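1. I need the structure of the sequence given here:
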Amino acid sequence: MKSSQRLSDLQALSADQLNDELLNLKKEQFNLRFQGATGQLENVARVREVRRDIARVRTLQRQKTLQPTQA
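-> This next block holds a predicted model:
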C-alpha cells in the first residue's frame with residue numbers, strides 16, 4: 001500500500017524533480033550507511049526502503065527516457 005502510493009507520487013514528478021529526488025535519496029543512503037557503521041542506526045528497515053526508493057526513481061527515469069521513442 002505504501003509503495004504504490006509512493007510510486008504514484010513519483011510518477012507525477014518531472015525529470016528534473018526525479019533527479020533531485022534521486023540525489024536526496026543517495027544522500028540519505030550515505031547517512032544511513034554511516035550511522036550503521038558507527039552503531040547509531042536505530043531504524044535498520046529504512047536502509048531497505050531507501051534502496052528500493054532509489055530503484056523506483058531510476059526505473060521511472062528510464063521509462064521517461066524511453067517513452068517518447070515508443071509513442
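2. wait, what's in contact with D16?
-> Residues in contact with D16 (C-beta atoms under 8 Å, 6 or more residues apart in numbering): none are found. C-beta coordinates here come from the backbone N, C-alpha and C atoms, glycine included.
3. The helix or strand that contains it - what's its average pLDDT?
-> Under the criterion of DSSP states H and E, D16 resides in helix 15-38. The pLDDT scores in helix 15-38 average 97.
4. Kindly calculate the angle that the very next helix or strand once past that helix makes with helix 15-38.
-> Next helix or strand after helix 15-38 toward the C-terminus (DSSP H and E): helix 45-70. Helix 45-70 and helix 15-38 are oriented at 160 degrees to each other (axes from the mean of the first three to the mean of the last three C-alpha atoms, to 10 degrees).
5. same for helix 45-70, what does it pack against?
-> Contacts defined by 3 or more C-beta pairs under 8 Å, 6 or more residues apart in numbering; DSSP states H and E place helix 45-70 against helix 2-11, helix 15-38.
6. of all those, which lies closest to R48?
-> helix 15-38 (9.9 Å; C-beta to C-beta).
7. Report the buried residues of stretch 3-15.
-> 10, 13 (16 or more other C-beta atoms under 10 Å).
8. So what's the gap between that stretch and the chain middle?
-> 10 Å (C-alpha atoms, centre = their mean, to the nearest Å).
9. next one: stretch 48-65
-> On the basis of C-alpha atoms, centre = their mean, the separation between the geometric centre of stretch 48-65 and that of its chain is 5 Å.
10. Stretch 58-71 too?
-> On C-alpha atoms, centre = their mean, the centre of stretch 58-71 falls 17 Å from the chain's centre.
11. cool, and stretch 41-60?
-> With C-alpha atoms, centre = their mean as the basis, stretch 41-60 stands 6 Å off its chain's centre.
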